[in-house]
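K.L.:
Just the structure for this:
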Amino acid sequence: MESAKAFEPGKIEPLWYDHWQRLGVFTARPGSLRPPHSMVIPPPNVTGRLHMGHALNNTLQDILARWRRMKGDDVLWLPGTDHAGIATQMVVDRRLQSEGLSRETLGREEFVRRVWQWKEEYGGAIIGQLKRLGCSCDWTRERFTMDPGLSHAVREAFVRLHEAGLVYRDKFIVNWCPRCRTAVSDLEVIPQETRGHLYTVRYPFAGGGGGIEVATTRPETMLGDTGIAVHPEDERYRGVIGRKVVLPLVGREIPIVADAFVEKEILERFDLSYLNDDRDCFAEKVPTTENLCMEIYHRLRAGFGDASVDRVRLEETSLNSFTYRGEEGDNA
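P.N.:
This is a model prediction of the structure:
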């Protein structure tokens, strides 16, 4: 029998891998007297198939798991996949679009069924890829992040954290996707720098007698202003701390507050707006307006005649009220 001139791993590796699985050499045994060693695989998203990054990552984990077994440890390398909610929704949306459909036309029940169908298709492909890589995971314990047990554990963990005062629920600025109509994490946002203008907005003191100016590249967010912040050690503004100014266009009175988070070497003063910057939400003395968001919503709806307000139209309306000083800069 003539032997192959080159090694062909595709014919040999599956035979050995199946043999190892039949012997149960990857399966952890809690009752074992050997020292335990547990690892959880960073679950790949079921948005598609694995790439070279996964190959490197999981090879390093496999080396560690096999080394610990060779040392005599009882190793649990726990495998699984991640539902990746918004990302998976996006890829399913794309598939539906290629079919001339949308999740709105399908309805919630059918769309959820299609998402689970996607999970079965690509989740199974991912597990097959991990096995083809030779990953020595304990496949008897394979999990999915939306399994009932894991979902319960997540709820339990957050309830305990909340009861301990380590997490809280509050109003906070989010990254809103107008296409998906949902909030997305910072990791799913790609910032882009654009050329813009620096506008100076004058906030008159309530009751008259002057005002205070704030420079901004995003004047359209002033509708959400809840205050003007100055540094407490800035001599120029100590006399106005505590006074109120009138928010242009809106007519609502907002206070001038002192907070050390204003970097006086870089910024002299700036407006605090829940529609502008997540740092504003952490200011110690930011006043809150309970129905501020609904107030802004109704004002915009009244101004444009409908509830759909896009940024360009909002900017055009806002900028007509301001003076452009001719300064340009990069906006992130």
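K.L.:
Would you map the strands across the stretch 101-250 of the chain?
P.N.:
143-144, 175-177, 182-184, 194-204, 211-216, 225-230, 244-246 (DSSP state E, counting those that start in this stretch).
K.L.:
In terms of secondary structure, what does the first one contact?
P.N.:
Judged by 3 or more C-beta pairs under 8 Å, 6 or more residues apart in numbering; DSSP states H and E, strand 143-144 is in contact with strand 80-81, helix 148-163. Yep, even glycine has a C-beta here, placed from its N, CA and C like the rest.
K.L.:
right, so those: which one is the most enclosed?
P.N.:
strand 80-81 (a mean of 21; mean count of other C-beta atoms under 10 Å).
K.L.:
Of the helices and strands packed on strand 143-144, give the one that comes closest to D73.
P.N.:
strand 80-81 (20.9 Å; C-beta to C-beta).
K.L.:
what residues does the next helix or strand after the closest one touch?
P.N.:
Toward the C-terminus, strand 80-81 is succeeded by helix 85-98 as the next helix or strand (DSSP states H and E). Helix 85-98 has contacts (C-beta atoms under 8 Å, 6 or more residues apart in numbering) with 45-48, 102-103, 106, 111, 114-115, 118-119, 177, 180, 182, 184, 188.
K.L.:
if you set the cut-off to 7 Å instead, what comes out?
P.N.:
Here helix 85-98 makes contact (C-beta atoms under 7 Å, 6 or more residues apart in numbering) with 45-48, 102-103, 114-115, 118, 180, 182, 184, 188.
K.L.:
buried ones in stretch 26-39?
P.N.:
Buried residues in stretch 26-39, counted by 16 or more other C-beta atoms under 10 Å: 26, 28, 37, 39.
K.L.:
Stretch 12-28 now?
P.N.:
17, 26, 28.
K.L.:
ok, back up a step: any chance of the helices and strands packed on strand 143-144 in JSON lines with mean pLDDT and distance to D74 as columns?
P.N.:
Below are these laid out as JSON lines (pLDDT from 0 to 100; distance: least, C-beta to C-beta, whole Å):
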{"stretch": "strand 80-81", "mean pLDDT": "92", "distance to D74": "20"}
{"stretch": "helix 148-163", "mean pLDDT": "93", "distance to D74": "22"}
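K.L.:
Identify the residues contacting Q117.
P.N.:
Neighbours of Q117 in contact, by C-beta under 7 Å, 6+ apart: none.
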